[in-house]
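**Student:** 3D model of this:
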Amino acid sequence: MENSKTDKSLFRRYLDDLYTTEDARNLMDELDGAEHGDVFDELATDVWEESATQQPLTDLEREQYKKEARMLLKHVEHKKRMWFRRIAVTVASTAAILCLAFGGISYFKYIDGQQVSYLEVSTSYGEHKLIHLPDGTQLTLNSCSRVQYPDHFADKERRVKLEGEGYFRVSHNEKQPFIVNTHHFDVRVLGTCFDIKSYLSDEIVSVDVESGKVQVDLPEAMMRLQGKEQIFINTISGEYNKRHDERTVAVWRKGGLRFNSTPIRDVAKELERVYHCHITFAEGQEFNNLISGEHDNKSLEAVLKSIEYTSGIRYKKEGNRLLLYK
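**Tutor:** Okay, here's the model as predicted:
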């Protein structure tokens with residue numbers, strides 16, 4: 001049994017191009033000795049199973065495998081012609097498995113087109129970034145957000161992953177729908193302009209459509225929105241609210257803030273992201289206020305004063321740290 005494992009390891013290192021001169025000499029000596037049909041059968045099975053999970057090889061690597069197989073056959077023929085037929089069948093089968101797994105030239109060109117690399121772009125506090133996706137779609141990323149996307153869209157769908165908030169201007173393509181995956185929901189479109197807000201720490205997440213139509217896929221529901229419609233989803237209760245709003249979408253792109261019955265704790269998180277501050281709430285007090293209002297390029301203190309006026313929640317400020325209290 002131990003010799004069988006040794007033989008298999010030796011043959012496998014040769015196929016994987018991980019052998020030394022001593023290994024090659026030992027391999028030739030082994031081929032002069034006893035029969036190794038079972039070892040080759042096991043090796044062929046291993047190669048087949050691994051090929052199902054490996055990334056496709058390059059043309060250069062495939063040619064190297066073929067070259068190694070031909071060299072092995074040549075040595076076998078030179079060393080022991082009487083055993084040649086069985087070894088030839090086994091080694092050729094291994095090469096055939098590799099070729100079968102990875103296909104012909106045209107197939108590999110197709111696979112090469114399917115292979116993609118994923119890119120990630122993120123923003124910090126108070127930062128916005130304009131990103132041009134491979135299909136021409138424009139994405140403006142809001143503060144403390146992250147997007148992952150492929151270097152090209154090779155499948156029947158254009159799929160990206162968003163954490164945070166982003167305004168999308170999607171390039172129209174009926175044959176290749178555009179899908180945004182978030183932690184709370186997915187948004188599917190053909191070509192439109194819309195805003196997604198889906199921070200992991202927020203209680204309320206939303207989709208706000210500027211033009212066109214989108215489909216919002218929730219874990220247990222589906223909803224379609226058209227221009228000037230928006231949906232707010234409570235991630236704690238699971239409730240959602242669909243509204244019609246004629247106002248400008250994504251006012252944050254120009255430095256504005258807008259709250260629509262937003263929980264005060266979500267407001268605080270928004271202010272932290274925009275103004276790079278740290279906000280805490282006084283212990284022992286309840287803060288279940290819902291804040292509404294729009295602020296155009298206001299300073300942090302101007303926003304806090306407005307919140308104080310409408311809700312009665314006051315603040316103390318020390319450097320970039322704020323305490324909200326009643």
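**Student:** for the residue lying closest to D296 once chain neighbours are set aside, phi and psi?
**Tutor:** Across the structure, with CB to CB, 6 or more residues apart in numbering as the measure, the residue nearest D296 apart from its sequence neighbours is G256 (5.1 Å). Placement of C-beta: from N, CA and C, glycine included. With angles defined as degrees, to the nearest 10, G256 sits at phi -90, psi 170.
**Student:** and for G256, the neighbour number?
**Tutor:** 14 (other CB atoms under 10 Å).
**Student:** G293 is in contact with that one, correct?
**Tutor:** No: contact criterion CB atoms under 8 Å: G256 and G293 do not qualify, at 10.9 Å.
**Student:** show me where the stretch 201-326 of the chain has its strands.
**Tutor:** 204-211, 213-218, 221-226, 229-234, 240-244, 257-263, 278-281, 290-295, 314-318, 321-325 (DSSP state E, counting those that start in this stretch).
**Student:** which residues does K317 form a beta bridge with?
**Tutor:** L322 (DSSP bridges).
**Student:** thinking it is in contact with T280, fair?
**Tutor:** No: counting by CB under 8 Å, T280 is not a contact partner of K317; they are 11.7 Å apart.
**Student:** about what we covered before: just so I know, which of the strands of the stretch 201-326 of the chain lies nearest A154?
**Tutor:** Put simply, out of the strands of the stretch 201-326 of the chain the one that sits nearest A154 is strand 213-218, at 22.2 Å, with distance taken as CB to CB.
**Student:** tell me the buried residues in that closest one?
**Tutor:** Of the residues in strand 213-218, 213-216 count as buried by neighbour count, 16 or more other CB atoms under 10 Å.
**Student:** next, the angle from it to strand 240-244.
**Tutor:** What separates the directions of strand 213-218 and strand 240-244 is an angle of 170 degrees, with axes from the mean of the first three to the mean of the last three CA atoms, to 10 degrees.
**Student:** give me the contacts around strand 213-218.
**Tutor:** Residues external to strand 213-218 that are found in contact with it (CB atoms under 8 Å, 6 or more residues apart in numbering): 184-190, 192, 194, 207, 222-227, 231, 233, 240.
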